[in-house]
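Student: My questions are about this predicted structure, shown below with the sequence.
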Amino acid sequence: YGERIQRLVGHSSHVNSVSSALESRGMLASGSDDSTCRIWDARSRYAVRTLPQPYACTAVELSADGSRLFAGGIDNVVRVYDLRKGDDQSAVAITLDGHQDTITGVRLSPDGSYLLSHSMDNTVRSWDVRPFVAADSRMVKLFLGAQQNYEKNLLRCAWDPSGQRVAAGSSDWFVYAWDVQSGKIAYKLPGHRGCVNEVDFHPTQPIIASGSSDKTIYLGEIEAASEASAS
């Protein structure tokens, strides 16, 4: 078993989501049922910043450089915070409004330009989160297929390293993967015997990992995105 190296104390209720800034060593973000998001320096025990939320926060994601925080909650909205701004209110740079139910997962694309969001409204959506967008709406694509049921689990989503595919967990026991450009389902992977709560792509190989309520982790091999686009 691994050894615990740190215990971060500060939330007053369940912690629903944690994210790390890949290029900013030791920087973490967390979202909780206590209606806050917290920014942590893993070298210390306590939060260095607390961002109040209108309602419980169910999903968080930090940009690679730690300058932006993406937070979704039970009010169906994803808020984008510019952490370089000190004031918590002015730090809300973008509000992504379109889902009809609780946000269960958010994930930033490899190039940092697009955000993927999963919701209890049975949709996965991609959003343009670049600072300036000419279009009236920031929503770029709607991905359908993944389901929610009475369990209301916090189902996560993921981008592949190329940015050409996205995937999400589903309550119908399948792993769904879509082609980003067309929005069509590329794979519907069976095997689990319970709700699929977490998915992620291998960083270098065409493999999807999935974690389920059936207490198993599966590795599913798919066709490489570059090969699929060539064919």
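Tutor: Yep, that arrived.
Student: Do a quick rundown of the helices in the chain.
Tutor: For the chain, helices defined by DSSP state H occupy the ranges 225-230.
Student: Low-confidence regions, it specifically.
Tutor: By pLDDT under 70, the weakly predicted segments of the chain are 1, 89, 226-231.
Student: Tell me what the residue most central in space within it is bridged to.
Tutor: The centroid of the chain falls nearest to V106 when counting by C-alpha atoms, centre = their mean (2.2 Å). Going by DSSP bridges, V106 is paired in beta bridges with S117.
Student: Report the contact partners of it.
Tutor: Counting by C-beta atoms under 8 Å, 6 or more residues apart in numbering, V106 makes contact with 59-61, 70-72, 78, 115-118, 157. Just so you know, the C-beta spots here come from the backbone N, C-alpha and C atoms, and that holds for glycine as well.
Student: quick one: which of these is nearest F132?
Tutor: L115 (15.6 Å; C-beta to C-beta).
Student: OK, contacts around the closest one?
Tutor: So L115 contacts 61, 70, 78, 80, 96, 106-109, 126-127, 129 (C-beta under 8 Å, 6+ apart).
Student: correct me, but Q100 touches D121?
Tutor: Yes: under the criterion of C-beta atoms under 8 Å, Q100 makes contact with D121 at 4.0 Å.
Student: any common contacting residues for those two?
Tutor: N76.
Student: P54: what's its closest spatial neighbour, skipping adjacent residues?
Tutor: Once flanking residues are discounted, P54 sits nearest to D75: 5.6 Å by C-beta to C-beta, 6 or more residues apart in numbering.
Student: what about G72, neighbour count?
Tutor: 30 (other C-beta atoms under 10 Å).
Student: Please name the spatially closest residue to it (chain neighbours excluded).
Tutor: I103 (2.8 Å).
Student: residues contacting that neighbour?
Tutor: If you count contacts by C-beta under 8 Å, 6+ apart, then I103 has 58-59, 72-74, 76-78, 117-119 around it.
Student: And these, which is closest to D41?
Tutor: Distances from D41 to the contacts of I103, taken by C-beta to C-beta, are shortest for A59, at 21.6 Å.
Student: picking up where we left off before, from what I see, the residue nearest to P54 and C57 are in contact.
Tutor: No: counting by C-beta under 8 Å, D75 stays clear of C57, with 9.7 Å between them.
Student: residue contacts, K141?
Tutor: 125-126, 180, 183.
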